[in-house]
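1. Below: sequence and its predicted model.
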Amino acid sequence: MTAPLSIRDFSLFHGFLDRSAQESMVADLRAALEVAPLVQPVTPRGRPMSVRMSAAGRFGWITDRKGYRYSETHPDGQPWPPIPDSVRAVWDAVVPDARPPECCLINWYGEGARMGLHQDRDEADFDQPVVSISLGDDGLFRMGNVERGGKTESVWLRSGDVVVMGGAARLRHHGVDRIRFGSSTLLPKGGRINLTLRVVS
Ligand SMILES: O=C(O)CCC(=O)C(=O)O
């Protein structure tokens, strides 16, 4: 494993997964999405998000008119499928001392989808990192500050890249301004999948 690039305390492992590892992870995710289909969530104010979401693990992160929260069931009522071993192996490799992940949030970005700058703070233990895995089209990842506002820096995340948001980066704002739709051949119909592994409780 080559040393990661550090930007604003985020650790970026470019090219962490090779093409065949990416393909088998996508197959594992397709099986998980059979159990827990992607949904287009709405914010508590009722605004539809541009990403589609699902999850694997004990918890999934959901949002609807009742608020942002972790839930042990999919909005349709069934429990989430287990986190695929291929995904769990990335966590074990990059954050071997962390507690086991309890949620793998699955975000799917179609053409024009984005995610505004935000902090991940619905988890109980901020000493535990969040690990992000990118698959498919390139996404422009913006990294900011713990406080709102101020200067930010951006980097294009490509298929197979892994980012660790731990330590001083754990509560930094981050988001995805845009994707380059069709830039990768991994997903036949285009789009970007981002997985974030989290310890929830
Ligand atoms: O899509 C990404 O690279 C980041 C996703 C993210 O910020 C999140 O799920 O909280």
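-> Arrived safely. Model, not experiment: these values are computed from the prediction. Numbering: from 1, shown residues only.

2. pretty sure D76 belongs to a strand, no?
-> No: counting by DSSP: H, G, I helix; E, B strand; the rest coil, D76 is not found in a strand; it is coil.

3. residue contacts, it?
-> P37 (CB atoms under 8 Å, 6 or more residues apart in numbering). C-beta here means a position set from N, CA and C on the backbone, and glycine is covered the same way.

4. Repeat that for R121.
-> Here R121 is in contact with L171 (CB under 8 Å, 6+ apart).

5. What score does T2 have for pLDDT?
-> In this model, T2 is scored at 83, pLDDT.

6. count of neighbours near the nearest residue to it once chain neighbours are set aside?
-> Leaving out its chain neighbours, the residue that sits closest to T2 by CB to CB, 6 or more residues apart in numbering is F13, at 7.5 Å. Using other CB atoms under 10 Å, F13 has 21 neighbouring residues.

7. Bridging across strands, which residues link to F13?
-> On the basis of DSSP bridges, F13 is bridged to V162.

8. was I right about it contacting D161?
-> Yes: using CB atoms under 8 Å, F13 is in contact with D161, at 6.7 Å.

9. re earlier: quick check: the residue nearest to T2 vs D85, distance?
-> Distance, F13 to D85, using CB to CB, to the nearest Å: 19 Å.

10. In stretch 143-159, which residues are buried?
-> Neighbour-count burial for stretch 143-159, with 16 or more other CB atoms under 10 Å as criterion, is recorded at M143, G144, T152, V155, L157, R158, S159.

11. and if you look at stretch 48-65?
-> 49, 51-63.

12. repeat for stretch 100-117
-> Using 16+ other CB under 10 Å as the test for burial, stretch 100-117 gives 101-110, 113-115, 117.

13. which ones among the residues you listed are found in strands?
-> Residues of the buried residues of stretch 100-117 located in strands (DSSP state E): C103, C104, L105, I106, N107, W108, Y109, M115, L117.

14. Quick check: the farthest pair among these?
-> With CB to CB as the measure, no two of those lie farther apart than C104 and L117, at 22.2 Å.

15. hang on, the earlier thing: any idea how far the residue nearest to T2 is from Y70?
-> Using CB to CB, F13 is found at 26 Å from Y70.

16. show me which of the buried residues of stretch 143-159 neighbour the ligand.
-> The overlap between the buried residues of stretch 143-159 and the neighbours of the ligand (CB under 6 Å from any ligand atom) comes to L157.

17. So which of the buried residues of stretch 143-159 are in strands?
-> Using DSSP E, the buried residues of stretch 143-159 in strands are M143, V155, L157.

18. For this protein, give the residue positioned nearest to the ligand.
-> Residue of the chain nearest the ligand, by CB to the nearest ligand atom: N194 (3.2 Å).

19. My guess is that residue contacts V130. True?
-> No: N194 lies out of contact with V130 (CB under 8 Å); the separation is 11.3 Å.
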